[in-house]
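Asks: Okay, predicted coordinates and the sequence, questions at the end:
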Amino acid sequence: MERRLIAGTPYRKLLTAPRPVAEGMKARLEARGIPVVLETPFSGLPEAALGTYMGDVNLFVPEALLGEAEAALEEEIP
C-alpha cells in the first residue's frame, strides 16, 4: 500500500477510482471527520485545483485512520 508523508503526517492510499467516484467517497469520509487527499497524475498543476481531470485518482487518508476509513466506505449509503 502506498504511503505519503503530508505535512508531517503519514498517509496511506485507500483506493484508486475515477475522479467522480473518488470525490463522492472523499465527501463521505470528510463528513465523518477523516481528512482526505486526492492525488491526480497532474498534482501540483492548476488542473488539479480546478478538478477538470475525470480519470483515475488516488485517495489517501491518514495512516492512523485507515481502518476507520475502510469501515466507513463498506457501510451502505443512507
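Replies: Perfect, I can see it now.
Asks: So what does residue 2 have for phi and psi?
Replies: Note on residue 2: its backbone torsions stand at phi -70, psi 150 [degrees, to the nearest 10].
Asks: and the residue lying closest to it once chain neighbours are set aside, how many neighbours does it have?
Replies: Spatial nearest neighbour of residue 2, excluding adjacent residues (C-beta to C-beta, 6 or more residues apart in numbering): residue 13 at 4.0 Å. Any C-beta I mention is one placed from the backbone N, CA and C, and that applies to glycine too. For residue 13, the neighbour count with other C-beta atoms under 10 Å is 16.
Asks: Could you look up the SS state of residue 13?
Replies: Three-state call for residue 13 (DSSP: H, G, I helix; E, B strand; the rest coil): strand.
Asks: Tell me who's in contact with it.
Replies: 1, 2, 3, 4, 58, 59, 60 (C-beta atoms under 8 Å, 6 or more residues apart in numbering).
Asks: Kindly recompute the last result at 10 Å.
Replies: Neighbouring residues of residue 13 by C-beta atoms under 10 Å, 6 or more residues apart in numbering: 1, 2, 3, 4, 37, 39, 58, 59, 60, 61, 66.
Asks: Which single one of these is nearest to residue 26?
Replies: When the contacts of residue 13 are ranked by distance to residue 26 (C-beta to C-beta), residue 59 comes first, at 6.5 Å.
Asks: thinking again about what came up before, just the buried subset of the contacts of residue 13, please.
Replies: Buried subset of the contacts of residue 13 (neighbour count, 16 or more other C-beta atoms under 10 Å): 37, 39, 58, 59, 60, 61, 66.
Asks: Of these, which one scores lowest on pLDDT?
Replies: pLDDT across the buried ones among the contacts of residue 13 is lowest for residue 39, at 88.
Asks: Contact partners for the residue nearest to that one when sequence neighbours are not counted?
Replies: Nearest in space to residue 39, with sequence neighbours left out and distances taken as C-beta to C-beta, 6+ apart, is residue 58 at 4.3 Å. Residue 58 sits next to 2, 4, 13-17, 22, 37-41, 43 when contact means C-beta under 10 Å, 6+ apart.
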